[in-house]
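Participant: quick one: sequence plus predicted model below, questions after.
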Amino acid sequence: MIQIRQRSERGHANHGWLDTYHSFSFDSYYDSKFMGFRHLRVINEDRVAPGMGFPTHPHRDMEIITYILEGALQHKDSMGTGSVIRPGDVQRMSAGTGVTHSEFNASKTEPVHLLQIWILPDRKGIQPSYEQTNFARSTLQGRLKLVASGDPSEGAVRIHQNAQVYAGVLGPGEVVKHELAPARHAWLQVARGKVQLNGHELVAGDGASISEELSVEIKGVEDDEILLFDLA
C-alpha cells in the first residue's frame, strides 16, 4: 500500500527569514492524519534567508538529522560543537537528556535550502551527542546509500532507533530497488526532481508512505535526489 503525501498538502509558514513546509504536524500546523509515520516524526523543508537562522533553543529525547540541499548552515550547541554543514553533509544530533543549539545561514548573500528530520529515539534519557559525515555526490549516484542507521556501516551516522535512512541521486532512467523485510515500512521523500515509485509519479516536495509491500522500485525521471526511510 502506497499513500502519497503531495507537496501542496503540506503545512506551510513563511516568516520572512524562514520559508518552511511541514510533511507532518509541527509547531502551529496540525493535521491529525499526519502526526508522523512510524518513528519518523518530522520532515521540514526549510529555506533560510541569507544571514538569518534559528536562535538558540532547546530539544530533548529526539534524533535530529539535517540534510543540506543548497547553501551552508552554521551550527553551534551546548555540547561545544561548532560546524558548518554543506551539501553532502549529514548531521545527526541526539538531544537525549537535553541540548540547546542554534543554526544560522552561513552566507550573507545566498539562501540555504535544507531538510530537517526528526526521528523518535528507542529510549529516553540518553547522553546528548553529535555526529557529522560527508558523502560525496558520486557515492549517491544511481544507488541508495546508507547515511544514517541504528546499526551504521559505510560511514553512516548512528541514530538511536531501529531505522535506516538512505540517500540517492538518480538521473533520467536510473532505477534503484530496496527490499522491505516482513513488518517493515518505508517513507520516500523527494528532495529534487521527479521520480516514479512503484509506478506512481512523485515530484520534489512529495512524500509517500509504503506499507505491506515486498519491495520498493524508484525510477529517475529528471535529475533527482531522494531520501528513503526504512522503518520498523
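Facilitator: Here it is on my side, so go on. What you are looking at is a predicted structure, and each value in this text was computed from that prediction instead of being measured.
Participant: pretty sure Leu144 is touching Val169, no?
Facilitator: No: using Cβ atoms under 8 Å, Leu144 is not in contact with Val169, being 10.0 Å away. Where C-beta positions appear, they are placed from N, C-alpha and C, glycine not excepted.
Participant: outline the domain layout of the chain.
Facilitator: What automatic domain parsing lists as the domains of the chain is 10-134, 137-231.
Participant: mind checking which of these is nearest Met1?
Facilitator: domain 137-231 (5.0 Å; Cβ to Cβ).
Participant: endpoints of the closest one, how far apart?
Facilitator: Start-to-end span of domain 137-231 (Cα to Cα, to the nearest Å) is 24 Å.
Participant: mean confidence score for that domain?
Facilitator: For domain 137-231, the mean per-residue pLDDT is 97.
Participant: one more: stretch 30-40?
Facilitator: Mean pLDDT, stretch 30-40: 97.
Participant: list the buried residues in that stretch.
Facilitator: Neighbour-count burial for stretch 30-40, counted by 16 or more other Cβ atoms under 10 Å, picks out 34, 36-40.
Participant: quick one: those residues as JSON lines, columns for secondary structure too.
Facilitator: JSON lines is the format used below for these (DSSP: H, G, I helix; E, B strand; the rest coil):
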{"residue": "Phe34", "secondary structure": "coil"}
{"residue": "Gly36", "secondary structure": "coil"}
{"residue": "Phe37", "secondary structure": "strand"}
{"residue": "Arg38", "secondary structure": "coil"}
{"residue": "His39", "secondary structure": "coil"}
{"residue": "Leu40", "secondary structure": "strand"}
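Participant: which residue packs closest to the most centrally placed residue in the chain, ignoring adjacent ones?
Facilitator: Residue closest to the mean C-alpha point of the chain, counted by Cα atoms, centre = their mean, is Ile117 at 4.2 Å. Closest residue to Ile117 apart from its sequence neighbours, by Cβ to Cβ, 6 or more residues apart in numbering: Ile65 at 4.2 Å.
Participant: ok, back up a step: bridged to the residue nearest to the centre of the chain, which residues?
Facilitator: Per DSSP bridges, the residues bridged to Ile117 are Ile43, Ile65.
Participant: verify the contact between it and Leu40 for me.
Facilitator: Yes: between Ile117 and Leu40 there is a contact under Cβ under 8 Å: 7.5 Å.
Participant: pretty sure Ala208 sits in a strand.
Facilitator: Yes: checked against three-state DSSP, Ala208 lies within a strand.
Participant: so who does it touch?
Facilitator: Applying Cβ atoms under 8 Å, 6 or more residues apart in numbering to Ala208 gives the contacts 2-5, 187-188, 197, 200, 202.
Participant: again, only this time at 6 Å
Facilitator: Residues in contact with Ala208, defined by Cβ atoms under 6 Å, 6 or more residues apart in numbering, are 2, 4, 188, 197.
Participant: who wins for neighbours among the residues you listed?
Facilitator: Among those, the one with the most neighbours (other Cβ atoms under 10 Å) is Leu188, at 26 neighbours.
Participant: surely that one is in contact with Leu228?
Facilitator: Yes: taking Cβ atoms under 6 Å as the definition, Leu188 is a contact partner of Leu228 at 5.4 Å.
Participant: what are the contacting residues of the helix or strand hosting Ala167?
Facilitator: Assigned by DSSP states H and E, Ala167 belongs to strand 163-170. Identification of contacts with strand 163-170 by Cβ under 6 Å, 6+ apart yields 39, 119, 140-141, 144-149, 176, 220, 224-231.
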